[in-house]
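Enquirer: one predicted model, sequence on top.
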Amino acid sequence: MGYRTNELGYPNDLLASRSIVERGNFALIPPQGLVKNAIPNFDNCEMTILATPKLGAAFVDYLCRVLPSGGNKKGFGGNGIETFIYCLEGELTVTIGSETHELTSGGYAYCPPTESLKFENKSTENTETFLYKKRYQEVEGYAPYPVVGNSNEIPYQDYEGMTDVGLKDLLPTDLNFDMNFHILSFETGASHGYIETHYQEHGALMLNGEGMYNLDNNWMPVKKGDYIFMGAYNLQAGYSVGRKGALTYLYSKDCNRDVEL
């Protein structure tokens, strides 16, 4: 899939990296250099921790390779923590409360902060997933609920009036939710309409293509497998370039809430 390309053993060249980390502002993290982490309750899982509060994020993103018979059977999140899982490749059985769902590539599940997310790989092949967690920002009269779907079944809508940029909302946009996940796709040569500057944060995983991305007025090449953290007020925008098809990425965004003081 291109999300994990580290190889064990001696280096083949001079040690170098495309990674750029500006804590609290932005980070570009390519697959090369990612390390595995052992985390309790994630059995037979190869975990990579991406954005965290130590980087400046108010959320945590992970890459999780779930090996056959692996998963988290005790539960991920709950007790005020909302979670989200996206199946990049493979098959996964997900349980939220009393409901069980089968995810395939492009499948996803949102688990509200009142429940914990459980999952298991019952297949004979590895399953590649993207995981997210954040403390839910409560507002009286609003409460989120479980959502399960598949991004391949959601049509693109034109993004801000541009027919060569498509957007998919993976979660409902109502005020019960304090965040959302989207997929944004730029045909070759397409770009944002302007360089964005806003309060909300993003964690973005490149799913396809190649492009140039502006992070705080630094233009950087990006491609499938790269991960980007965009902090509050970080200047941001992208172009799709190259011969790898549309630049497409999955990203989170906090929304629907006032600023807490």
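Expert: Perfect, thanks for sending it.
Enquirer: I figured G24 hits G231, correct?
Expert: Yes - G24 lies in contact with G231 (CB atoms under 8 Å); the separation is 5.6 Å. All C-beta atoms are positioned from the backbone trio N, CA, C, and that covers glycine.
Enquirer: mutual contacts of these two, please.
Expert: G56 (CB atoms under 8 Å, 6 or more residues apart in numbering).
Enquirer: so which of those two has more stuff around it?
Expert: Set side by side, G24 and G231 show more neighbours around G231, with 22 against 13, by other CB atoms under 10 Å.
Enquirer: got the phi and psi for D174?
Expert: phi -80, psi 170 (degrees, to the nearest 10).
Enquirer: which residues in the stretch 51-200 of the chain form strands?
Expert: 59-76, 81-89, 92-96, 99-103, 107-111, 117-120, 127-135, 147-150, 157-159, 162-169, 179-186 (DSSP state E, counting those that start in this stretch).
Enquirer: tell me where the model's unsure across the stretch 1-150 of the chain.
Expert: For the stretch 1-150 of the chain, residues meeting the criterion pLDDT under 70 lie at 1-8.
Enquirer: let's see that with 80 instead.
Expert: Along the stretch 1-150 of the chain, segments meeting pLDDT under 80 span 1-9, 11-13.
Enquirer: can I get the strands of the stretch 51-200 of the chain in CSV including mean neighbour count and distance to P40?
Expert: Formatted as CSV, the strands of the stretch 51-200 of the chain follow (neighbours: other CB atoms under 10 Å; distance: least, CB to CB, whole Å):
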stretch, mean neighbour count, distance to P40
strand 59-76, 20, 8
strand 81-89, 22, 15
strand 92-96, 21, 19
strand 99-103, 15, 23
strand 107-111, 24, 18
strand 117-120, 24, 14
strand 127-135, 22, 14
strand 147-150, 16, 26
strand 157-159, 13, 40
strand 162-169, 16, 33
strand 179-186, 21, 25
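Enquirer: any chance of the ones you listed in JSON lines, plus distance to N37?
Expert: Conversion of the strands of the stretch 51-200 of the chain to JSON lines gives the following (distance: least, CB to CB, whole Å):
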{"stretch": "strand 59-76", "distance to N37": "8"}
{"stretch": "strand 81-89", "distance to N37": "17"}
{"stretch": "strand 92-96", "distance to N37": "20"}
{"stretch": "strand 99-103", "distance to N37": "23"}
{"stretch": "strand 107-111", "distance to N37": "21"}
{"stretch": "strand 117-120", "distance to N37": "17"}
{"stretch": "strand 127-135", "distance to N37": "12"}
{"stretch": "strand 147-150", "distance to N37": "27"}
{"stretch": "strand 157-159", "distance to N37": "35"}
{"stretch": "strand 162-169", "distance to N37": "30"}
{"stretch": "strand 179-186", "distance to N37": "23"}
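Enquirer: so which of these gets nearest P53?
Expert: Evaluated over these, closeness to P53 peaks at strand 59-76, with 7.7 Å, by CB to CB.
Enquirer: give me the angle between that closest one and strand 92-96.
Expert: Angle, strand 59-76 to strand 92-96, by axes from the mean of the first three to the mean of the last three CA atoms, to 10 degrees: 80 degrees.
Enquirer: excluding sequence neighbours, find me the nearest residue to E210.
Expert: G242 (3.5 Å; CB to CB, 6 or more residues apart in numbering).
Enquirer: ok, N234 next?
Expert: Nearest non-adjacent residue to N234 (CB to CB, 6+ apart): F26, at 4.8 Å.
Enquirer: what separation do you get for that neighbour and G203?
Expert: In this view, F26 and G203 are 11 Å apart by CB to CB, to the nearest Å.
Enquirer: now the common contact residues for the two.
Expert: 228-230.
Enquirer: okay if I get these as JSON lines plus secondary structure and neighbour count?
Expert: Below are the shared contacts of F26 and G203 laid out as JSON lines (DSSP: H, G, I helix; E, B strand; the rest coil; neighbours: other CB atoms under 10 Å):
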{"residue": "I228", "secondary structure": "strand", "neighbour count": "25"}
{"residue": "F229", "secondary structure": "strand", "neighbour count": "27"}
{"residue": "M230", "secondary structure": "strand", "neighbour count": "26"}
